[in-house]
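**Student:** Give me a 3D structure for the following:
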Amino acid sequence: MRADTSILIVDDESSFVEGLTANLEREGYSAVTAADGEAALARFREAQIDLVLLDLMLPGIDGMEVCSRIRRDSTVPIIMLTAKDDDIDKILGLEVGADDYITKPFNFRELLARIKAVMRRANPEPETDESGILDIAPGITLDIERRTLSGTGGREVALTVKEFAMIQMLARNPGRVFSREDLLDRVWGYDYFGSSRTVDVHVRRLRKKIEDLDIVSDGSEIIKTRWGAGYLLETVR
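**Tutor:** Sure, this is the predicted structure:
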């Protein structure tokens, strides 16, 4: 972790924010706070933010919309904070671009573990012995350094931390089927407490980004489903 790692905390409960800020700063993080959606977007534009802790229920612009707007221009890691232990809220948060979620009330040590895990994946150690470009399919490549998918027509799409980790793993093992549990363990970590539906959401997002390159019309032709088994990247020919 860099000494100047900056975390944007977006929540309208002042006592919660004060406590969380104190705990994060004790761990060496720098905290920036916002109490509503408009302020969150302004803080994000003004400061160099490395990770966002984003409450789902906010006055004015809600957490879903804030996440969606940040995702238009940035792949910064986003962890959703939600008081609702409802799968639909979690799935919707992931659909609009969140990398992870945690339900209130939570243990600070659990949150800290999630922050460290997502930051490790956002800033991996360089792999000098492997190519910086991976073939995904004819006309589609993955740039390891830039964390982007590129098509032969010049189109390029950025990937979030989890999207990148997932497609990189599939691309390094073409033809191999990974179960949802495998992907949760390898991409989110063995201590992840969420649902395996998280994997399905990220696969849908990846397929959509592949379609945005205008090489194939259906992303499921590239990231395939083996019913009852899991997902695989079809062997590149």
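**Student:** now the closest residue to residue 225 other than its chain neighbours, which residues is it bridged with?
**Tutor:** Spatially, and ignoring its direct neighbours in sequence, residue 225 is nearest to residue 231 (6.0 Å; C-beta to C-beta, 6 or more residues apart in numbering). Where you see a C-beta, it was placed from the backbone N, CA and C, and this is true even at glycine. Counting by DSSP bridges, residue 231 forms beta bridges with residue 178, residue 225.
**Student:** Residue 231 and residue 138, how far apart?
**Tutor:** 20 Å (C-beta to C-beta, to the nearest Å).
**Student:** neighbour count winner among these two?
**Tutor:** Per other C-beta atoms under 10 Å, whichever of residue 231 and residue 138 has more neighbours is residue 231, with 23 against 11.
**Student:** Helix or strand next in line after the lowest-mean-pLDDT helix or strand in the chain, which one?
**Tutor:** Lowest on mean pLDDT, DSSP states H and E among the helices and strands of the chain sits helix 87-95, with a mean of 73. Next helix or strand after helix 87-95 toward the C-terminus (DSSP states H and E): strand 100-103.
**Student:** Pull the residues that contact that next one.
**Tutor:** Residues outside strand 100-103 that contact it (C-beta atoms under 8 Å, 6 or more residues apart in numbering) are 77-85, 90, 93-94, 110-111, 114, 118, 162, 188, 192, 194.
**Student:** quick one: strands adjacent to that strand?
**Tutor:** Per DSSP bridges, strand 100-103 is paired in its sheet with strand 78-82 (parallel).
**Student:** same question for the partner strand, mean pLDDT?
**Tutor:** Mean per-residue pLDDT for strand 78-82: 90.
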